[in-house]
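> got a sequence here, can you build the structure:
(chains A, B, C, D, E and F)
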There are 6 protein chains.
Amino acid sequence: MVVKIGFGKLGNIGSAPLLEFLLDERAERKDIEVRVLGSGAKMGVEQATDVAQKLVELKPDLAVVTSPNATLPGPKRLREILTKANVPTIVISDGPAKKAVPEFEKLGVGYLIVEADAMIGARREFLDPAEMSLFNADLLKVLTVTGVFNVLWREIDKAVQAIQRGKTLTLPKVVIDKNKAIESSGLSNPYARAKALAAHEVARRVVDLTVEGCFILKDREHYTLLVAAAHEMMREAARLADEVREMDKAEDVVVRTPHYDDGAILYKRKLLEKLEKTGEA
Amino acid sequence: MVVKIGFGKLGNIGSAPLLEFLLDERAERKDIEVRVLGSGAKMGVEQATDVAQKLVELKPDLAVVTSPNATLPGPKRLREILTKANVPTIVISDGPAKKAVPEFEKLGVGYLIVEADAMIGARREFLDPAEMSLFNADLLKVLTVTGVFNVLWREIDKAVQAIQRGKTLTLPKVVIDKNKAIESSGLSNPYARAKALAAHEVARRVVDLTVEGCFILKDREHYTLLVAAAHEMMREAARLADEVREMDKAEDVVVRTPHYDDGAILYKRKLLEKLEKTGEA
Amino acid sequence: MVVKIGFGKLGNIGSAPLLEFLLDERAERKDIEVRVLGSGAKMGVEQATDVAQKLVELKPDLAVVTSPNATLPGPKRLREILTKANVPTIVISDGPAKKAVPEFEKLGVGYLIVEADAMIGARREFLDPAEMSLFNADLLKVLTVTGVFNVLWREIDKAVQAIQRGKTLTLPKVVIDKNKAIESSGLSNPYARAKALAAHEVARRVVDLTVEGCFILKDREHYTLLVAAAHEMMREAARLADEVREMDKAEDVVVRTPHYDDGAILYKRKLLEKLEKTGEA
Amino acid sequence: MVVKIGFGKLGNIGSAPLLEFLLDERAERKDIEVRVLGSGAKMGVEQATDVAQKLVELKPDLAVVTSPNATLPGPKRLREILTKANVPTIVISDGPAKKAVPEFEKLGVGYLIVEADAMIGARREFLDPAEMSLFNADLLKVLTVTGVFNVLWREIDKAVQAIQRGKTLTLPKVVIDKNKAIESSGLSNPYARAKALAAHEVARRVVDLTVEGCFILKDREHYTLLVAAAHEMMREAARLADEVREMDKAEDVVVRTPHYDDGAILYKRKLLEKLEKTGEA
Amino acid sequence: MVVKIGFGKLGNIGSAPLLEFLLDERAERKDIEVRVLGSGAKMGVEQATDVAQKLVELKPDLAVVTSPNATLPGPKRLREILTKANVPTIVISDGPAKKAVPEFEKLGVGYLIVEADAMIGARREFLDPAEMSLFNADLLKVLTVTGVFNVLWREIDKAVQAIQRGKTLTLPKVVIDKNKAIESSGLSNPYARAKALAAHEVARRVVDLTVEGCFILKDREHYTLLVAAAHEMMREAARLADEVREMDKAEDVVVRTPHYDDGAILYKRKLLEKLEKTGEA
Amino acid sequence: MVVKIGFGKLGNIGSAPLLEFLLDERAERKDIEVRVLGSGAKMGVEQATDVAQKLVELKPDLAVVTSPNATLPGPKRLREILTKANVPTIVISDGPAKKAVPEFEKLGVGYLIVEADAMIGARREFLDPAEMSLFNADLLKVLTVTGVFNVLWREIDKAVQAIQRGKTLTLPKVVIDKNKAIESSGLSNPYARAKALAAHEVARRVVDLTVEGCFILKDREHYTLLVAAAHEMMREAARLADEVREMDKAEDVVVRTPHYDDGAILYKRKLLEKLEKTGEA
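Residues are numbered from 1 along each chain as shown, chains lettered A, B, ... in the order given. Here you go, the predicted model:
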């Protein structure tokens, strides 16, 4: 059976742009069929409704929806329409989404809340296309190396597998904090793990500065400096993440877990050894 | 008038994941409405047909379609359906798309061919979700700092503006090579420009190794090493791009060109100065 | 008039070890006479009483006392004895001291609370003499470059000057947060300021991890990793601080404010230019 | 028995600011009681006499005195008063102290002479509070990683232990040169040892430039450049020291030797393993 | 028997300046006698003729001749004179020499063609003595670490040994491409090998930019930027090579293969272990 | 008039391998004709005699001879034969050559003694072809950036010019110490100059370790570590030199002084500006 996954993307968070490719990094999986529907930067109720309806029309076996701050009306509408149509739905969102957990539970949607997926410094005086792209590139490094992305794709894979095998579908309910991330990172050297933890926490704290810079400060020079500082923090977190990856390379212990054609997760640690099948996914 | 842009994404290239956000980095533009339709990693004719039909149903004023190697049957079908439905279409693709230029001309689609958007090292023994994500993060840095992304969003903005103002729509026909990229980079220090050129060329040459590693070599150890080397090249290119950005920061000459609510492009160079309106877009 | 300053040091914080030398970096000041009394790592009531009594015996014109967490009984006793003996006293302490501000106000002591002076990762499995020293070295870099130390010595200098000139002595009441620090840093390039802000905030957040690692977690492996992560954060903050200093060097704009023999603060920005007298201190 | 240690500090050297904390890095030792008496930057005979008398009044079981250039009259007076009062005394000083060794022997004081503890670039046009602090931060890194600090605290610990156990007290007589330092560094990788040696020697040679810059050259621009160069050398030495520490982390072989509550030295190499008791100290 | 080797150097390539020292790095070999004859930067027929005649007069057992682009008339003349005089000759040259291979075969000269030995950016507006030297320093790092130099000296050593032992002399016929280089590099960590491959390929591609910059572009600003970019690429390649060497140091696995007095090649991997004799050379 | 320069090279020092190319970096000078005669690594009297005689046969207008330690019998013989034949001769050698200055004066040879051209770590357990090459690459960077090479080629150029113009030939008599080097470096930022000074001094001190490691220590492990440390020092010096160059690039103030076809020295500072003729050489 081929599982049809519908991705609904409202606005952008660091976890969203490569999400569907995390499931099928080499375009070889025969067990899933993917469609993505997005509304670009806007995430109002109007956009959400449209995206949701088109997702429902797809009749997906599973919907995965991403947005910043899932408590906002747009993302809320999106998941309401999906659940009303009985589409099993996983919400992926950033830190503020933690406030919506009771509502998620009530609706019966799964959730993967990514604490390190910090809000960008969205001030016009600072954020232009280039700055936006570089922030996302840094954030991608952090989310990858600290293990966050491993949690995301593995939880979706688990749901896919349950659907495929006709098992009861238990949707994930995970707040991906520093501990959850690092235990999924595959890092073996404890100093690499400590550095990954540090990178995670630096990234997570970026939001303190972007919130202050975007919503609290009124003086142009002041908020511009602060959101710039926030992006410098993310750059540092990315640099640390890169250093962690290099530590693993230096000992030839980079864990690799590619997907096989049937969706199985393969595994190896030494670059030139053969892949093994794991029991997973 | 609000211009409706439909993005159609088949498979992944480095230019694709943040493309719609390059147009509206802070979600403030009132002059465009965006929808994205994607098929995930797969880019066969079946997926392409489905994506194309849904795009046509959206009745967009402009379609922007992305895929690796636009000469493949999937991407070809996508643009045929769009042009048949009279949707003005811009194809964004990587180096191999240059062979399709005569066909683009014939179909009347615009094209933006990104030479530095090199193919990933898609060997199962090497490429897993983490490696895929890190390669894309590195590539994003290169495409941003070397000016490639500036060409992409400015060309789309130009088309949007023409539609908005009811002017004749001239779709872009650009191969973004090292010269085109760097002249759009906004970099002022000539050593920064030289380093950006170097980063661009290192990134562009990645594809020589990934093609050899993915399609020519048969020995597992040999091709694994080669695609790993390709990703190391991209990491170096990204490191150099990062260094270039830091050079600009060191002199407080980072060009910032955010979009205003009405789609106008603002401009400044010193971080704490005010933005100016430019005549553009 | 030579002002006699008595430093009382209980335990260690990053602001303490070089404090007296910040006032007289080349041992040329003729307007102050300094004595330091410390109790080493221990900061109990017994040690505090002893240090306080000996400080009182010195009959200093000004006392400057340092300790971690000034709400603890030892530091409390220290300042009570000093104020009882009518010694004008400035308390320098770290973040938790903010809770003691009302008490400081009541006692009439001045205070300089250093938010970035984060608690060390004091777990036996992790902290040995070498790790302690390296953490302090990193912290020194952060406190210096982000401007924190400039606040400390300038505020003490102001008090010294008031005493010298027979003016009413107004003791400082300052919580040195990111804004206070950076505005005292002398950094001119806004990106350098943004990076300094980032370094400050990364350093400040170290305490979240050391508190969790030292007081909350019980599992050895878990808390060891966490305090190690905290020190990695401080190392990153120091690396960023170093980068900031290098940015200033790259443009030959490092502010230098040495003390003249009479305690006056001199000033220059270009390395090879002459010093100017400022009106200050 | 609790051993009372009196630290007497005249002026500053890199070995001094954290010295007492090297003995009790987590404030848990129950076998020692520490008092510190210092005179700040000045180290004249007057200050020395005062510090010495107050140290004698403390009736310490052991005195540890630090100063630059122990051949100067101030430091000389300090140790004379201490030895006259029969206080067992260890002198810690920098390279020029080697000339005083015969006098140390005659007086019966122990000595720990730190060759790498190079004189700061004490020129008013260059050295301000920030530069002073950064130099010390760099020097701390060098003295820690190259093993110098391990020699210092272990030799003091040995003396403490002898006093505690009522054994004959043999005071240390050690010139800590590159060999002595590195053999105490705990570094295992020979390249890490070679780099530590290099860092030590670069730091040691700093004094050649600071002496020329402070005492020989008369031209302002010339001496300013030279002392600036000296600090750049120390920064390089610190960078190399940091690199050495990272090499050890990369293989998870950082030696940790924390003090137990009773002053015993514990030991481990892998971050997450348990500490072992060693027979030492 | 002492083998007399005559080196003839016309112009400069990266493989040339240290070539004779690669054979006898500590000046201890008793089995060879070396003479070098060079014409400096010029490599015309006149210079070549003179160098060749003097080389012939030396009556060497083996001639090794270096030049850029061995298809030029000068280098051609050089090898013709040598072969006419029956001197066994090995040509070492850069990429363009591949076109001369048929002629080499016909003449019976051996050849070692170094693909990564890229042409310098020889534009007057850019290349001065300092830039020339720095480019060569970077290139030396690349050629050393990626294994190219190992091929060069081993092939010459093999020829020397054959002559010494009176064996039939088979001159080398090797194009040193990325595979040949890396397999001779002695690197063990596969990520180090991948990085070395990347460094090799970045260096090899430098020539694309220098050729365009030197021979195709006419606009001063344009070609200056391009040759500057080419040198930035080489600097990156060198940085990567340096990183590779450091990876080997970090694991204490740097292969060392010094020559013994009799020309035998010794071997070890751990820095502090003893050398072993190998059967080679 | 074309000036014929004969280079005689015995053994290797860092100043030698690229020396002739420093005079004619793009092979365009029409005013000089160059021949190089070398003996490879060996520098005995026999080799020196042979090289000298062949140099004399060339009838050069000027001889430039390089060797380590010019006090050794080989180099001594070389210059004696040259002076006996009335060939104006400039000796280029390293630090130990300072002892031969009186003899140089007596013979009437010019000299350029390069203090930073430190002896390599010539221990068989350490120095193999790769290590030799990397040390030289690092040394080249230091000698280039700190200004040493500028002194070398300018002094030779001056002699060439004097010969060309039929002026009295005054041979150079220069010990290139840190001051001489840096004042010739063309560096403008004072921090860049300070860093260059630091790099020079670190490089200069390398010889202290290589001498101890090669001639004094007998224990294999001990001397191996020490010469390894010496090379780490040189690597640091090179890294610092590279940093200095990058500082200059960051402000677009890299001095470029290429030779014109007639030997004139051109000049510019901004990368994209035109070259100016200087009055020099």
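
> shouldn't A:K54 be within a helix?
Yes. Assessed with DSSP: H, G, I helix; E, B strand; the rest coil, A:K54 lies in a helix.

> measure it to D:K76 for me?
88 Å (C-beta to C-beta, to the nearest Å). (C-beta placed from N, C-alpha, C; glycine too.)

> ok, now A:S93?
Counting by C-beta to C-beta - A:S93 and D:K76 are separated by 70 Å.

> name the residue in those two with the higher neighbour count.
A:S93 (28 against 18; other C-beta atoms under 10 Å in any protein chain shown).

> quick one, what contacts that one?
A:13, A:66-70, A:75, A:100, A:111-114, A:117 (C-beta atoms under 8 Å, 6 or more residues apart in numbering or on different chains).

> if we go to 7 Å?
A:13, A:66-70, A:113 (C-beta atoms under 7 Å, 6 or more residues apart in numbering or on different chains).

> next one: A:C214
A:121-123, A:227.

> ditto for A:I182
Contacts of A:I182 (C-beta under 7 Å, 6+ apart): A:146-147, A:193, A:196-197, A:200.

> now, which of those lie within helices?
The helices, defined by DSSP state H, take in A:193, A:196-197, A:200 from the contacts of A:I182.

> tell me where the model's unsure across chain A.
A:279-281 (pLDDT under 70).

> can you give me the helices in it?
Going by DSSP H, chain A shows helices at A:19-22, A:45-57, A:73-84, A:101-107, A:129-145, A:148-164, A:178-183, A:190-211, A:220-250.

> show me what the first one is packed up against.
The helices and strands touching helix A:19-22, judged by 3 or more C-beta pairs under 7 Å, 6 or more residues apart in numbering or on different chains; DSSP states H and E, are helix A:148-164, helix B:129-145.

> hey, which of those is tucked in deepest?
helix B:129-145 (a mean of 27; mean count of other C-beta atoms under 10 Å in any protein chain shown).

> contacts for that one, please.
By C-beta under 7 Å, 6+ apart, helix B:129-145 touches A:18, A:21-22, A:25, A:130, A:133-134, A:136-137, A:140-141, A:144, A:149, A:153, A:245, A:256, B:14-15, B:17-18, B:116-117, B:120, B:149, B:185, B:196, B:199-200, B:203, B:231, B:234-235, B:237-238, B:241-242, B:244-245.

> near chain E, which residues of chain A show up?
A:249-250, A:252, A:271-272 (C-beta under 7 Å from any C-beta of the partner chain).

> and which of the contacts of A:S93 is nearest to chain E?
Nearest to chain E, judged by C-beta to the nearest C-beta, of these is A:I13 at 31.2 Å.

> what sits against the closest one?
With C-beta under 7 Å, 6+ apart, A:I13 has these contacts: A:66-68, A:93-94, A:117.

> and the two most separated of those?
Within the contacts of A:I13, two members stand farthest from each other by C-beta to C-beta: A:S67 and A:D117, at 11.0 Å.

> measure the residue positioned nearest the centre of chain A to A:D61 for me?
The residue lying closest to the centre of chain A (C-alpha atoms, centre = their mean) is A:S15, at 2.7 Å. Taking C-beta to C-beta as the measure, A:S15 falls 21 Å from A:D61.

> out of the residues of chain A next to chain E, who's the most crowded?
A:A250 (23 neighbours).

> residue contacts, that residue?
With C-beta under 7 Å, 6+ apart, A:A250 has these contacts: D:250, E:247, E:250.

> which of those residues sits closest to chain B?
The closest of these to chain B turns out to be E:M247 (C-beta to the nearest C-beta; 11.6 Å).

> can you count the residues close to that closest one?
25.

> isn't it up against E:N189?
Yes. Contact criterion C-beta atoms under 7 Å: E:M247 and E:N189 qualify, at 5.8 Å.

> for stretch A:23-31, buried residues please.
If you call a residue buried by 16 or more other C-beta atoms under 10 Å in any protein chain shown, then stretch A:23-31 has these buried ones: A:23-29, A:31.

> just send the residues you listed back as a markdown table, with distance to chain B too.
Below are the buried residues of stretch A:23-31 laid out as a markdown table (distance: C-beta to the nearest C-beta, whole Å):
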| residue | distance to chain B |
| --- | --- |
| A:L23 | 7 |
| A:D24 | 4 |
| A:E25 | 4 |
| A:R26 | 5 |
| A:A27 | 4 |
| A:E28 | 7 |
| A:R29 | 7 |
| A:D31 | 12 |
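
> which among the residues you listed gets closest to A:E46?
A:L23 (28.9 Å).

> name the nearest residue to that closest one, ignoring sequence neighbours.
Excluding its sequence neighbours, the residue lying closest to A:L23 (C-beta to C-beta, 6 or more residues apart in numbering or on different chains) is A:W153, at 5.6 Å.

> which residues does that neighbour contact?
A:22-23, B:129.
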